[in-house]
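> Generate a structure from the sequence data that follows.
(2 chains)
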Amino acid sequence: MKLHEYQARDILARYGVPVTGGGVATTPAEARAIAEQIGARVVVKAQVFVGGRGKAGGVKLADTPEQAEQVAAQILGMNIKGLTVEKVLVAEAITYEREIYLGVIMDRAAKRIVVMASAEGGVEIEEVAKTNPGAIVKIAAHPTLGLLDFQARDLAYGIGLTDARQARQFAQIATALYRAYMDTDASLAEINPLVVRADGSLQALDSKIVLDDSGLFRHADLEAMRDASDEPEAEQRAREAGITYIKLDGDIGCMVNGAGLAMATMDVVKLYGGEPANFLDIGGGAGKEKVKTALQIILSDPNVKAVMFNIFGGITRVDEVAKGIVAALEEVNTDVPMIARLVGTNEAEGRRILAESALIPAATLAEAAEKAVAAARARA
Amino acid sequence: MSILVDKNTRLAVQGITGREGEFHTRQMIAYGTNVVAGVTPGRGGQTAIDGTVPVFNTMAEAVKQTGANVSVIYVPAAFAPDAMREAAAAGVALVVCITEGIPANDMVATYAFIQECGARLIGPNCPGLLTPAQAKVGIIPGNIATPGPVGVVSKSGTLTYEAVDALTRIGLGQTTIVGIGGDPIIGTSFVDVLELFQADPDTEAIVLIGEIGGAAEIDAAKYIQAHVTKPVVSFIAGQTAPPGKHMGHAGAIITGGEGTAQEKIAALEAVGVRVARLPTDIAQLVKDSL
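Modelled structure (predicted):
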């Protein structure tokens, strides 16, 4: 789950990270009031979950509260890459000499949490990693002791912050960011840019936190920060039903049990000249109610012209799955053609049950994909 | 021969009195697995599975009383990291964690602790292991497997069952099937299992089923080039997966343009691995390579 910049900033402020003054506004009048409180030049920033908002006109400077109101009026309601801006962050606009990057992320291979810093801030770290990997300093926090003080200092010196006071402040910020990452069960926490001001002090200008969905069960306060625009309605409905659904751009709906098999099914659809409309992992069981919900979710996408079932019945026998599908179909009113490939335990009986329904049976994965692609084309 | 689990496996089930734990314990026993103990804190002294399996409060007690040497975990995500640590501290050689949805950061300290104890962890978020006709530890359906010369290692569940089922139908049995799991941090990697299969005299060919996210398949390709002399057949799921989205498994995500199926397939093919285009083609490719 993604957090907005203003949410990440509020969390980091609690850990002692120096953030610029300001607040979040949902109306131009609120933006003006915040600018009046700040009493200096401000920056008004769209709060949307897409990159490149600055280039899209979603970040603007304002010298006076009146101007802040005007630019907030321009930005609020603006459509940036398909998302409507509903909130703006109004923050003090400060001058600075240079930009630094600081981030915390998991290194899967090393099985450690890594703190990264780069003297080349203000650009995406992936870009720096490609163009100038030597500019990135990485330190793996100790698995149980966490980020140690000397490691935080090593990072500071590693990116050339040799002034003692500056190095100390940087180390404090790095430690704070690491703690915030761990305490919130994040999968990413970054400050980019962290800027160096004329007096040598450091200030966080933009921050980002992405939370690990698996950690949310113990953070009701963070779950409450969820912005529905981060998750389309159908994905949310699926999540609540224990189904994993991700909408894609194609026209062949896929209903599969198991994440790996669901990905493989999409790949096979593509291999046979079709485009998958979604990723869907129905999870274990695949009983009638779950199949029904999953089918409704798939069909809520108006692009879907055919649905391909690919179910492997292991411990849940294929005939039981087939019964569930047939029962679910009876309750979902649709004329979208359904192609089913069911394999595994008791598959002959499963096929017999399907043969008596409106489903189009397929014996192999290739045959199912071919039939689904043909059915979708016939309706195009 | 086989790897990791066999007739000598003495299995303790953590969470045996839960719904999942009890269901799968029955399946494991029916398969012939030697389930010697169950562990549920607060249920010590009772029995489970119709009075056939003694239940202990702690893993230490279960190991002491029954000589359990492998543990399998079916407890909710909130308690699974502690269950893994408890099993490792109790001295079992192998800890298998089926549980899905464990906060990824919890696994950093947990993995380090298990390593300190000298135990091996499989998973979490995995279907477990199965050595045909010997032992089933986890949730892999036993009826699709049969003894034979193919070692199978995979990040996935049902996709693995597909491959195993197809192998069995084509007349190729398996030495051991290992589901290593789809989480960002897992205890046993592709490389670890490749090493075991390479050393196992009965394994003649290896099937490696990967997916998008991370670089474990790239590491596997490097290892295969340097150390594996047996034929390896692979399938990588997620060629059509969009970037930045978790495809079901917490670890299956393309970030910053890295971890794509295309780069993994290229790395494996470059070292002579045959990569199947359809998961159902895996079995035939294995047959051709033997």
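
> Tell me, how many residues neighbour B:Ile282?
Per other Cβ atoms under 10 Å in any protein chain shown, the neighbour tally for B:Ile282 reads 28. Every C-beta, even on glycine, is put in place using the N, C-alpha and C of the backbone.

> Apart from its neighbours in sequence, what residue is nearest residue 86?
Just so you know, I chose chain A. Counting by Cβ to Cβ, 6 or more residues apart in numbering or on different chains, A:Glu86 lies nearest to A:Thr26, which is 6.5 Å off, once chain neighbours are set aside.

> meant chain B, my bad for not saying
Per Cβ to Cβ, 6+ apart, closest to B:Glu86 is B:Met59, 4.6 Å.

> What are the neighbouring residues in contact with the one you found?
Residues counted as contacts of B:Met59 (Cβ atoms under 8 Å, 6 or more residues apart in numbering or on different chains) are B:12, B:14, B:39, B:68, B:71, B:86-87, B:89-90, B:92.

> quick check, the longest helix seen in chain A touching chain B?
If you go by DSSP state H, chain A has its longest helix at helix A:164-183. Yes. Shown here: helix A:164-183 in contact with chain B (Cβ under 8 Å from any Cβ of the partner chain) through A:181-182.

> Would you mind pulling the contact partners of that helix?
By Cβ under 8 Å, 6+ apart, the residues outside helix A:164-183 that reach it are A:11-12, A:14-18, A:100, A:102-104, A:113, A:115, A:117, A:141, A:146-147, A:149, A:152-153, A:155-157, A:161, A:186, A:188-191, A:194, A:196, A:200-202, A:204, A:209, B:105.

> Mark which of those are buried, thanks.
By neighbour count, with 16 or more other Cβ atoms under 10 Å in any protein chain shown, the contacts of helix A:164-183 hold A:11-12, A:15, A:17-18, A:100, A:102-104, A:113, A:115, A:117, A:141, A:147, A:152-153, A:155-156, A:161, A:186, A:188-191, A:194, A:196, A:202, A:204, A:209, B:105 as buried.

> Just the ones of these in helices?
Secondary structure assignment (DSSP H) places A:11-12, A:152-153, A:155-156 from these within helices.

> Just the closest of the residues you listed to chain B, please.
Nearest to chain B, judged by Cβ to the nearest Cβ, of these is A:Ile11 at 15.6 Å.

> Please name the residues that touch the nearest residue to A:Gly260 once chain neighbours are set aside.
The spatially closest residue to A:Gly260, leaving aside those adjacent along the chain, is B:Ser156, at 2.6 Å (Cβ to Cβ, 6+ apart). Contact analysis of B:Ser156 by Cβ under 8 Å, 6+ apart lists A:258-261, B:179, B:182, B:209, B:211, B:237, B:249.

> Serialize the residues you listed to JSON lines and add fields for secondary structure and distance to A:Tyr245.
Below are the contacts of B:Ser156 laid out as JSON lines (DSSP: H, G, I helix; E, B strand; the rest coil; distance: Cβ to Cβ, whole Å):
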{"residue": "A:Gly258", "secondary structure": "coil", "distance to A:Tyr245": "14"}
{"residue": "A:Ala259", "secondary structure": "helix", "distance to A:Tyr245": "12"}
{"residue": "A:Gly260", "secondary structure": "helix", "distance to A:Tyr245": "16"}
{"residue": "A:Leu261", "secondary structure": "helix", "distance to A:Tyr245": "15"}
{"residue": "B:Gly179", "secondary structure": "strand", "distance to A:Tyr245": "23"}
{"residue": "B:Gly182", "secondary structure": "coil", "distance to A:Tyr245": "17"}
{"residue": "B:Ile209", "secondary structure": "strand", "distance to A:Tyr245": "23"}
{"residue": "B:Glu211", "secondary structure": "strand", "distance to A:Tyr245": "18"}
{"residue": "B:Ala237", "secondary structure": "strand", "distance to A:Tyr245": "17"}
{"residue": "B:His249", "secondary structure": "coil", "distance to A:Tyr245": "15"}
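
> any chance you could map the helices in the stretch 101-250 of chain B?
Assigned by DSSP state H, counting those that start in this stretch, the helices in the stretch 101-250 of chain B fall at B:106-117, B:158-169, B:190-199, B:216-227.

> out of those helices, deepest packed?
With neighbours taken as mean count of other Cβ atoms under 10 Å in any protein chain shown, the helices of the stretch 101-250 of chain B reach their highest mean count in helix B:158-169, at a mean of 26.

> For that helix, the averaged confidence score.
Mean pLDDT, computed over helix B:158-169, is 93.

> can you tell me the distance between the two ends of stretch B:46-61?
From its first residue to its last, stretch B:46-61 covers 13 Å (Cα to Cα, to the nearest Å).

> give the contact list for the residue nearest to A:Glu86.
A:76, A:86-88.

> One more: A:Gly122?
Neighbouring residues of A:Gly122 by Cβ under 8 Å, 6+ apart: A:99, A:101, A:192-193.

> Most neighbours among these, which one?
Within those, neighbour counts (other Cβ under 10 Å) peak at A:Tyr101, which reaches 24 neighbours.

> could you check the distance from the residue nearest to B:Ala205 when sequence neighbours are not counted over to chain A?
Leaving out its chain neighbours, the residue that sits closest to B:Ala205 by Cβ to Cβ, 6+ apart is B:Pro231, at 4.7 Å. Remark: distance between B:Pro231 and chain A (Cβ to the nearest Cβ, to the nearest Å) = 21 Å.
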